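> Predicted model follows, preceded by the sequence.
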Amino acid sequence: GIYAYNSSHNTFDSLMIDGNIPIQGTSLIELEENCNHNVITNCKLNGGYIGLRLKNCSDNNIVRNCSSTNHQHSGLTIYESDNNAIKNNYIEASANCGMYIIFGSSRNNIEGNTIINNLEYGVIMDRRGTKDELPRENILRKNTISGNANEGIMMDAMAKRNKLIENTIFDNQKMLSREVQPPLEVEKRRKRK
């Protein structure tokens, strides 16, 4: 796979990474520690432990038009990373979840993605750390989330000010789960007449 550390202003375009032996905790593409202003586009990732992970990477990394399928953990993990754009990706058939948003990842724009047929959850937004490491102010807009074995979206009860807008969520075991209901904005897609 590809591992970038403290590396910015790169473009990863039209890569195909397939058939790597999955090792727990590794990713087929990983950007770690202050990797900012990178573009990952038109890539095909298949059969790793994690497809793509942003770890402590913020400020306008763009992931678009990629497919990430058949991973042992997740198709895409956003770990302690803020202000990134995740757009028009296809994420399918990972064993844990399609997309994992953890350790305080905030203000990410997640739009137009197809997240389907994962063996547990479509999207998880989880704390995994101290109470200050909550996913906050992320926007999930116009995503299609379906066919996941558990919830389409599973959100930590303490996640704050995230917005779910015009998502199409269907044929999951449950649409959305959350233990309590602090402020959460959910807009349902209106049926056209």
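Structure received. Remember, predicted model here, so these are calculated numbers, not experimental data.

> does the nearest residue to G98 once chain neighbours are set aside sit in a helix or strand, and which one?
Excluding its sequence neighbours, the residue lying closest to G98 (C-beta to C-beta, 6 or more residues apart in numbering) is I115, at 3.8 Å. All C-beta spots, glycine's among them, are computed from the backbone N, C-alpha and C. Using DSSP states H and E, I115 sits in strand 114-116.

> ditto for G98
With DSSP H and E as criterion, G98 is part of strand 97-102.

> so what strands line up beside the next helix or strand after that strand?
Beyond strand 97-102 on the C-terminal side, the first helix or strand identified by DSSP H and E is strand 109-111. Strand 109-111 sits in its sheet next to strand 85-87 (parallel), strand 139-141 (parallel), going by DSSP bridges.

> what comes into contact with strand 109-111?
The contact list for strand 109-111, computed with C-beta atoms under 8 Å, 6 or more residues apart in numbering, reads 84-88, 99, 101, 138-143.

> can you list the weak-confidence ranges in this protein?
Scanning the chain for pLDDT under 70 picks out the ranges 19-20, 129-132, 178-193.

> Just the buried residues of the strand holding G98, please?
C97, G98, M99, Y100, I101, I102 (16 or more other C-beta atoms under 10 Å).

> wait, which of these is closest to E120?
The nearest member of those to E120, counting by C-beta to C-beta, is C97 at 5.6 Å.

> What's opposite the closest one in the beta bridge?
Here C97, judged by DSSP bridges, has bridge partners S74, Y121.

> Adjust the sequence numbering to begin at 16 for everything that follows.
That works, and once the first residue is 16, the last one we named lands at C112.

> Was I right to think it contacts I139?
Yes - assessed by C-beta atoms under 8 Å, C112 is found in contact with I139 at 4.8 Å.

> Mind listing the shared neighbours of these two?
With C-beta under 8 Å, 6+ apart as the test, C112 and I139 both reach M169.

> Noted, bye for now.
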